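>>> Sequence first, predicted model second:
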Amino acid sequence: MLPTCLDYLIAQPLWIILISSIGFLSFVKNSTILLKWIFNTLIKPSKDLTSYGSWALVTGSTDGIGRAFAFKLAEKGLNLVLVSRNLDKLNRVSSEIQETYPEVEIRVFELGFVG
């Protein structure tokens, strides 16, 4: 009679079965994370941000992430309210966005949030 997979598994020491199980569970977990990333990045349709309203408020919009976020929102067709502490930088960023996306309305506010 040919040995089955179960017979082969029972013949292994317990520590090999435990280590193999941990490796298998790790593989399943990482595969799930990878498949979720592929779905969210490549397959899932992006949200229509205009369904939340036609205006977006961006604080710290003169530098770094806030500036990049303002450009991305303008690219999506949202009108912008830009808030920062430096009016010169706000006007500069506002003109740059208007040059690239002339259909977007922009309002600027010089305001420092103090906690």
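Nice, thanks for sending it over. Being a predicted model, the structure only gives us computed values, none of them experimental. Numbering: from 1, shown residues only.

>>> Toward the C-terminus, what is the element adjacent to the helix or strand bottoming out on mean pLDDT in the chain?
Of all helical and strand segments in the chain, the minimum by mean pLDDT, DSSP states H and E falls on helix 5-10, at a mean of 82. Note on helix 5-10: by DSSP states H and E, the next helix or strand toward the C-terminus is helix 14-38.

>>> so where's the protein shaky on pLDDT?
Applying pLDDT under 70 to the chain flags the ranges 1-2, 113-115.

>>> can you rerun that using 90?
Scanning the chain for pLDDT under 90 picks out the ranges 1-12, 14, 16-17, 41, 44-53, 60-61, 85-86, 111-115.

>>> Domain ranges for this structure, per the record?
Domain segmentation of the chain under automatic domain parsing yields 5-43, 49-110.

>>> Out of those, indicate the one that is most buried.
The highest average neighbour count among those, using mean count of other C-beta atoms under 10 Å, belongs to domain 49-110 at a mean of 16. (C-beta placed from N, C-alpha, C; glycine too.)

>>> what's the offset of that domain from the middle of its chain?
19 Å (C-alpha atoms, centre = their mean, to the nearest Å).

>>> end to end, how far does it reach?
25 Å (C-alpha to C-alpha, to the nearest Å).

>>> Number the chain from 37, please
New numbering, starting at 37: the last item is domain 85-146.

>>> Now do the contacts for Tyr137.
Ala110, Glu111 (C-beta atoms under 8 Å, 6 or more residues apart in numbering).

>>> how close does it get to Asn115?
From Tyr137 across to Asn115, the span is 10 Å (C-beta to C-beta, to the nearest Å).

>>> what's the answer for Lys83, then?
17 Å.

>>> now Ile101
20 Å.
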